[in-house]
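Student: Fold the stuff below for me.
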Amino acid sequence: ALEYALLAERYTLSNLLELSIRYLLKDCRHNFISGTYDKLDVRAFTLLLESDNLEVEEEREVFEMLVRWSEQDPRCRLPHFEALLRHVRLRLLPSTYLAEVVEKNLHVQNDARCRGMVAEARRCTVDGTSRRGYLAAKMRPRRSTVGYIFLVGGLR
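Tutor: Alright, predicted model coming up:
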């Protein structure tokens, strides 16, 4: 799927790129561990991060993917860090993770806009306003983190 995504990106084949990204979304953990995502360019990586269908157990995996991807080629990728951080649903991260990991990350510390996004997320987590406007994109959980509802019963 990665090869198709790279080919689609090179020749601006939007439909093929979309299909390739959809496939890459399905095996997120394996693709992250294997370094597959490290080869994506900024456009393909953005499509990946912004998707509700990115299969992760927790949003912290998305932040860790962003950091790893950015550090693979810092000169070319770090200028995009702030724009990509907007696709991480910071308000869904535990407040301890925000304080101990995200806030202390050097890329976040070096950009005032990133620090502002993290501060806003922490305020929403701390003061309990995180549930207001829950359907906003910043709060909407990814589909893979929602879970399942089982109904058991029958007709008489």
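
Student: From Leu17, how far out is Tyr97?
Tutor: Tyr97 sits 32 Å away from Leu17, taking C-beta to C-beta, to the nearest Å as the criterion. For the C-beta atoms, the positions are set from N, CA and C on the backbone; glycine is no exception.

Student: who has more neighbours, these two?
Tutor: Leu17 (21 against 16; other C-beta atoms under 10 Å).

Student: Identify the residues contacting that one.
Tutor: Shown in contact with Leu17 (C-beta atoms under 8 Å, 6 or more residues apart in numbering): 5, 8-9, 43-44, 47.

Student: next one: Thr36
Tutor: Contacts of Thr36 (C-beta under 8 Å, 6+ apart): 2, 24, 30.

Student: what do you get for Lys26?
Tutor: Glu55.

Student: Between the contacts of Thr36, which sits nearest Arg113?
Tutor: Leu24 (27.5 Å; C-beta to C-beta).

Student: That closest one reaches Tyr4, doesn't it?
Tutor: No - with contact defined as C-beta atoms under 8 Å, Leu24 does not reach Tyr4; the gap is 9.4 Å.

Student: Between these two, which is the more surrounded one?
Tutor: Using other C-beta under 10 Å as the criterion, Leu24 and Tyr4 rank with Leu24 on top: 24 against 16.

Student: re the thing from before, using PyMOL, define a selection of the buried residues within the contacts of Leu17.
Tutor: A single PyMOL command selects the buried members of the contacts of Leu17 (16 or more other C-beta atoms under 10 Å):
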select buried, resi 5+8+9+44+47
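
Student: and the contacts of Leu17 as TSV, adding pLDDT?
Tutor: Listed next are the contacts of Leu17 as TSV, based on pLDDT from 0 to 100:
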residue	pLDDT
Ala5	75
Ala8	78
Glu9	74
Arg43	86
Ala44	83
Leu47	84
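
Student: Just the closest of the contacts of Leu17 to Pro79, please.
Tutor: Checking these one by one against Pro79 (C-beta to C-beta), the nearest turns out to be Arg43, at 14.0 Å.

Student: in which helix or strand would I find that closest one?
Tutor: helix 42-50 (DSSP states H and E).
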